[in-house]
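A.B. asks: Dropping the sequence and predicted coords here.
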2 protein chains.
Amino acid sequence: MNLILLSEDDFIGQNCVRLEGRRLKHLIEVRRSAVGDTLSVGLLNGLIGKGTVTTLTPDAITLDLHLDQKPPAPLPATLILALPRPKVLKRVIIAATSMGVKRIFLINAFRVEKSFWTSPLLSQERIDEFLSLGLEQAKDTTMPEVQLRPLFKPFAEDELPAIIKDSLALVAHPAAQHPCPSLLNQAVTVTIGPEGGFIPYEIEKLISHGFKPVSLGQRILRVETVVPALLSKLF
Amino acid sequence: MNLILLSEDDFIGQNCVRLEGRRLKHLIEVRRSAVGDTLSVGLLNGLIGKGTVTTLTPDAITLDLHLDQKPPAPLPATLILALPRPKVLKRVIIAATSMGVKRIFLINAFRVEKSFWTSPLLSQERIDEFLSLGLEQAKDTTMPEVQLRPLFKPFAEDELPAIIKDSLALVAHPAAQHPCPSLLNQAVTVTIGPEGGFIPYEIEKLISHGFKPVSLGQRILRVETVVPALLSKLF
């Protein structure tokens, strides 16, 4: 938690917030905060700045705020990800969010296990929790949007054209001839398949919509490794 | 497990191996292997190729081998990493290994918690397990070397000059002026600090030995995100 993320609900005055729960626990147990300490804070979807601890009890902490900086620039990337197994999902969402991705689609694919779609981690509440962890990690405040698309074909046929408009559309595919481009200065839509990869029908469908298959090399990487590797390579 | 990693101890004939334990369990439960199936296999520090299942019981599986290809080229990178917290260590070693790193130093730093050095995950046996998982993931056979260095100063003063010889020496540092270079075609030694970063003394020590501080941008990333992001960016 490199930044304490604040919401409108936390305000008890124009420049004053009161925090309980997870953030209070972190400030007491991990940071060992004390009255007078200055902390990095940011308002959800708003400015970042400093918060000075004014009171601290086991029940609540209050901070006086001075918010004057914009959050870091977003990464111009839309991430389309075949739904990974639940224990990996959390880490991947945190990683992508911390790197600045602001739009994530979690989609179905033939090799996505059906049971993954019933995971409680897919509730809006849990997803928001992972997104917040990613923002707090990167000192960012701009909440990404995560969309679930449990049907591949209607997603590909009805939604992809609008999603990839004005962006370079890439699909990571270990068997691709072309290496992944780098140092791009444009919007990118990047798609990453499930464990075992997309099946030929899915790859063909993506190609028919203008996606270019690109490779990071012959090594097959875990999805939690591919996501940061690919995003870092592209920009 | 995209490749079944074999050791000399598995051989029961010139081109025949017998497997029990973890690999057998994986082949039965995850792969649902059957007699006649062909699997990607590789000999530890040797060639990769195919193995055909000849017998399969709940106690053991035997494979006939045809090994004829070299493993993928290593990444020309030495990774020097401030020892991360144990639950992160495993993932980081797997990620670095899957990306082709062959030499890893786990070092101390002021902000490494003392307790991390007493973790049972630092036993040679557990480290070898993580390295094997990384090799199996990337279909590689060349075992990396992991060295523990619980004292920063003697490591820096006595060992660094020989380690970085003939390589570009970089230290990832969010406050650095220079962006991380990319598309390099040379050996690199890259150093990543602990949560909270290296202290000024440590950064100065690294700089005095020829390390150049480089930044991946203003966003502060988790070590498990930085490692793939940095390795992918560099090459």
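C.D. replies: Cool, got the structure. Numbering: from 1, shown residues only, chains lettered A, B, ... in the order given.

A.B. asks: residues from chain A in reach of chain B?
C.D. replies: Within chain A, the positions near chain B by C-beta under 8 Å from any C-beta of the partner chain are A:2, A:72, A:91, A:94-95, A:98-100, A:137-140, A:182-183, A:216-222, A:224-226, A:228-233. Bear in mind the C-beta positions are built from the backbone N, C-alpha and C, glycine included.

A.B. asks: For chain B, see how far away residue A:177 is.
C.D. replies: 17 Å (C-beta to the nearest C-beta, to the nearest Å).

A.B. asks: show me the contacts for that residue.
C.D. replies: Residues in contact with residue A:177 (C-beta atoms under 8 Å, 6 or more residues apart in numbering or on different chains) are A:213, A:215.

A.B. asks: One more: residue A:127?
C.D. replies: Contact analysis of residue A:127 by C-beta under 8 Å, 6+ apart lists A:93, A:121, A:146.

A.B. asks: hang on, it is in a helix, isn't it?
C.D. replies: Yes: under DSSP: H, G, I helix; E, B strand; the rest coil, residue A:127 sits within a helix.

A.B. asks: Near residue A:28, how many other residues are there?
C.D. replies: Residues near residue A:28, counting by other C-beta atoms under 10 Å in any protein chain shown, number 15.

A.B. asks: Look up the pLDDT of it for me, please.
C.D. replies: At residue A:28, the pLDDT value in this model is 94.

A.B. asks: for chain A, what spans make up the strands?
C.D. replies: Listed in chain order, the strands of chain A (DSSP state E) span A:4-6, A:11-13, A:16-19, A:38-43, A:48-56, A:61-69, A:77-82, A:103-107, A:145-149, A:168-172, A:178-179, A:188-192, A:212-215.

A.B. asks: The fifth one packs against which elements?
C.D. replies: Right, the one you point to is strand A:48-56. strand A:38-43, strand A:61-69 (3 or more C-beta pairs under 8 Å, 6 or more residues apart in numbering or on different chains; DSSP states H and E).

A.B. asks: Closest to the centroid, which residue in chain A?
C.D. replies: In chain A, the C-alpha nearest the mean C-alpha coordinate belongs to residue A:97, at 2.6 Å (C-alpha atoms, centre = their mean).

A.B. asks: Which residues are in contact with the residue lying closest to it once chain neighbours are set aside?
C.D. replies: Spatial nearest neighbour of residue A:97, chain neighbours left out: residue A:134 (2.5 Å); criterion: C-beta to C-beta, 6 or more residues apart in numbering or on different chains. For residue A:134, the contacting residues are A:93, A:94, A:95, A:96, A:97, A:98, A:140, A:144, by C-beta under 8 Å, 6+ apart.

A.B. asks: Could you tell me which of the residues of chain A next to chain B count as buried?
C.D. replies: The neighbour-count test (16 or more other C-beta atoms under 10 Å in any protein chain shown) applied to the residues of chain A next to chain B identifies A:2, A:72, A:91, A:94-95, A:98-100, A:137-140, A:216-217, A:219-222, A:224-226, A:228-233 as buried.

A.B. asks: Please list the members of those that lie in helices.
C.D. replies: In this view, those that belong to helices under DSSP state H are A:91, A:94-95, A:98, A:137-138, A:224-226, A:228-233.

A.B. asks: And these, which two are furthest apart?
C.D. replies: Maximum pairwise distance among these (C-beta to C-beta): 20.3 Å, between A:137 and A:233.

A.B. asks: thinking residue A:88 is in contact with residue A:224, fair?
C.D. replies: Yes: the pair residue A:88 / residue A:224 is scored as a contact, 5.5 Å apart, by C-beta atoms under 8 Å.

A.B. asks: Return every residue with contacts to both of those two.
C.D. replies: By C-beta under 8 Å, 6+ apart, residue A:88 and residue A:224 have no common neighbours.

A.B. asks: domain parsing for chain A?
C.D. replies: A:4-69, A:77-234 (automatic domain parsing).

A.B. asks: ok, and for the lowest-mean-pLDDT helix or strand in chain A, which residues are buried?
C.D. replies: Lowest on mean pLDDT, DSSP states H and E among the helices and strands of chain A sits helix A:21-25, with a mean of 93. Neighbour counts over helix A:21-25 (16+ other C-beta under 10 Å) mark A:23, A:24 as buried.

A.B. asks: Next up, the contacts around the nearest residue to residue A:180 once chain neighbours are set aside.
C.D. replies: Distances taken as C-beta to C-beta, 6+ apart place residue A:214 nearest to residue A:180, at 4.3 Å, with adjacent residues excluded. Contact partners of residue A:214, counting by C-beta under 8 Å, 6+ apart, are A:170, A:171, A:172, A:173, A:176, A:178, A:179, A:180, A:181.

A.B. asks: Make sure the first one is actually in contact with residue A:212.
C.D. replies: Yes: counting by C-beta under 8 Å, residue A:170 sits close enough to residue A:212 to count as a contact (5.5 Å).

A.B. asks: of these two, who's got more company?
C.D. replies: Ranked by neighbour count (other C-beta under 10 Å), residue A:170 and residue A:212 place residue A:170 first, with 26 against 15.

A.B. asks: Look up how far chain B lies from that one.
C.D. replies: 14 Å.

A.B. asks: check contacts around that residue.
C.D. replies: Applying C-beta under 8 Å, 6+ apart, the residues contacting residue A:170 are A:180, A:181, A:188, A:189, A:190, A:191, A:211, A:212, A:213, A:214, A:234.

A.B. asks: quick one on the thing from earlier: what's the most buried one of the helices and strands packed on strand A:48-56?
C.D. replies: Among those, strand A:38-43 has the highest mean neighbour count (mean count of other C-beta atoms under 10 Å in any protein chain shown), at a mean of 19.

A.B. asks: Could you report the pLDDT at the residue nearest to residue A:97?
C.D. replies: 98.

A.B. asks: Over to residue A:174?
C.D. replies: Residue-level confidence at residue A:174 comes out at 85, pLDDT.

A.B. asks: Residue A:226 is in contact with that one, correct?
C.D. replies: No: using C-beta under 8 Å, residue A:174 is not in contact with residue A:226, being 9.7 Å away.

A.B. asks: Are there residues contacting both of these two? Which ones?
C.D. replies: In contact with both residue A:174 and residue A:226: residue A:216, using C-beta under 8 Å, 6+ apart.

A.B. asks: Count residues in the vicinity of residue A:32, would you?
C.D. replies: 8.

A.B. asks: Could you measure from it over to residue A:17?
C.D. replies: Distance of residue A:32 to residue A:17, computed by C-beta to C-beta, to the nearest Å: 20 Å.

A.B. asks: One more: residue A:28?
C.D. replies: Distance from residue A:28 to residue A:17, by C-beta to C-beta: 16 Å.

A.B. asks: what does residue A:36 give?
C.D. replies: Using C-beta to C-beta, residue A:36 is found at 16 Å from residue A:17.

A.B. asks: higher neighbour count, those two?
C.D. replies: residue A:17 (23 against 9).

A.B. asks: Enumerate the beta-bridge partners assigned to that one.
C.D. replies: Per DSSP bridges, the residues bridged to residue A:17 are residue A:11, residue A:63.

A.B. asks: Am I right that it is in contact with residue A:5?
C.D. replies: No: counting by C-beta under 8 Å, residue A:17 stays clear of residue A:5, with 10.9 Å between them.

A.B. asks: Quickly list what's touching both of these two.
C.D. replies: Joint contacts of residue A:17 and residue A:5 (C-beta under 8 Å, 6+ apart) are residue A:41.
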